[in-house]
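Peer 1: My questions concern the predicted model and sequence given below.
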Amino acid sequence: MKKLLYIFAAVATVAACGTQNTLPEGNGRLSLTAVQEGVYTTKANDVVGDFIVDIVRPADNWTKHYDHYIDIPQTVSLGSGDYTITVASPEFRDAAWDLPYYSGSANFTIRVDELTPVNVTARLQNMKVSFVLSENFKNELTSYTIVVTNAASWDAPDVAERTLTWTSATEDVEDKAGYFSVAPLRIKVDGYRAMDSSESHSELIIGDVAAQDHHIITLDARVTGQMSGVAITIDPTVNDRESTVEVPGWDEIPVDGGDEPGDEPGDEPGEDPQQPSTAPTMSWAANPTFAPTPIAATMNVEIVIEAQEGIRDFVVEVDSYLLEGAIADMGATETPDGTAVSMDLINNAELAESLASLGVPTGDALKDQTNVVFSLSSLVPMIGMLGAEPDSEHTFTLKVTDKKNQSLEKAIVFYVPQQQ
């Protein structure tokens, strides 16, 4: 039952003892070219020359840091061995004005007396939010406040550093763009009617988010005979995500002479407001597109799962020739088609006990939770340490179901890079 744990412990011990034999035996040279890729630019944080650069040799945790990409020599002398290089914007914040964030990394090998050219593409990792105000909105409201956050809730302890506010007082709402790390967006609009200072409040959640999205949110207001609610439309087919928030309407003020029969508020059926989705969502800050990922000695596999209705079931299917047998010995079951093993992380107590020691959340850490950081950062690197074949793929399919029976399934593919 503990077979996988024993294997992992043994491999970790051998790897620790073997690092003395992986130190450099001579020098080679690195030639670096970095480019940026994205669909929007601003006046700050998007100059490649200002990007920071970090070079890491995992075998002995040797590192080299450059504050500015422009300061790197044409060639860099490095000891022979395997390396990872990362380039990134000089500043990252979860919410900020005019602050896109780029990052990218690559693995490479330095050989004695050889020049190794490396190309790194730094891609946008955050989202842009901007607003368009309809003429009705401008005419009906004398003042308004728009608050946007990507915190887990309005009461979250980190809500302050994850929130931006637009206000009519600055008269530049349509000219200001906010930038947010990838997480579901919560939006509040508070407006005050020009005619009588009556209040109206709206709120929505945009759960379908990804890096490089530009969420263009239109604010509209109308005066009706009954409360109109919030109308939301989202186009998921392009990076520019257009949404509409309609401020709930006010009762029409009657003209002199009174109402005609049949004009009472509520005589005509109103449209039901479209409710924001509460289905589970997943985001991975280190890999927003969930692209196939090379297995390395150290990895950031921290999947943020938000389930507003609370998690009921959490199952992970593992399709890996290297792990399936060992995981089955720990209590996992074979999938109906026989292509993978299925790990019930909530209801299988025997399996949960073994996996918990590997840093994988199980049991009560998942059940009924609305926000979970699901970590595979310790488990996945072990695949490479166990001697997986180059180019082999190892797939973890995460299946989350909430207490309203809403489900989300996401396949995460890891592969072993070719040995050089």
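Peer 2: Here it is on my side, so go on. Numbering: from 1, shown residues only.

Peer 1: residue ranges with poor pLDDT in the chain?
Peer 2: 1-25, 36, 38-46, 196, 222-276, 356-357, 419-420 (pLDDT under 70).

Peer 1: In space, not sequence, find me the middle residue of it.
Peer 2: Ser283 (3.3 Å; Cα atoms, centre = their mean).

Peer 1: In the sheet, which residues pair with it? Tell me.
Peer 2: According to DSSP bridges, the residues that bridge with Ser283 are Val304.

Peer 1: Secondary structure element holding Val373?
Peer 2: Using DSSP states H and E, Val373 sits within strand 371-375.

Peer 1: oh sorry, the question was meant for Asn139
Peer 2: For Asn139, the host element (DSSP H and E) is helix 135-140.

Peer 1: Which element is encountered next along the chain beyond that helix?
Peer 2: strand 141-149.

Peer 1: which strands and helices sit next to that next one?
Peer 2: strand 163-167, strand 185-193, strand 214-221 (3 or more Cβ pairs under 8 Å, 6 or more residues apart in numbering; DSSP states H and E). In this view, the C-beta of every residue, glycine as well, is placed from N, C-alpha and C.

Peer 1: can I get those in JSON lines with mean neighbour count and distance to Ile110?
Peer 2: Putting the helices and strands packed on strand 141-149 into JSON lines (neighbours: other Cβ atoms under 10 Å; distance: least, Cβ to Cβ, whole Å) gives the following:
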{"stretch": "strand 163-167", "mean neighbour count": "17", "distance to Ile110": "43"}
{"stretch": "strand 185-193", "mean neighbour count": "21", "distance to Ile110": "43"}
{"stretch": "strand 214-221", "mean neighbour count": "20", "distance to Ile110": "39"}
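
Peer 1: can you list contacts of the strand holding Val373?
Peer 2: Here strand 371-375 makes contact (Cβ atoms under 8 Å, 6 or more residues apart in numbering) with 152-153, 301-307, 311, 359-361, 365-366, 398.

Peer 1: In strands only, show me these.
Peer 2: 302-306, 311, 398 (DSSP state E).

Peer 1: Please identify which two of those are farthest apart in space.
Peer 2: Maximum pairwise distance among these (Cβ to Cβ): 16.8 Å, between Glu302 and Ile311.

Peer 1: Give me the more crowded residue out of the two.
Peer 2: Ile311 (23 against 15; other Cβ atoms under 10 Å).

Peer 1: so that one bridges to which residues?
Peer 2: Assigned bridge partners for Ile311, using DSSP bridges, are Asp402.

Peer 1: What is the helix holding Asn139 packed up against?
Peer 2: In this structure, helix 135-140 makes packing contacts with strand 185-193, strand 214-221, judged by 3+ Cβ pairs under 8 Å, 6+ apart.
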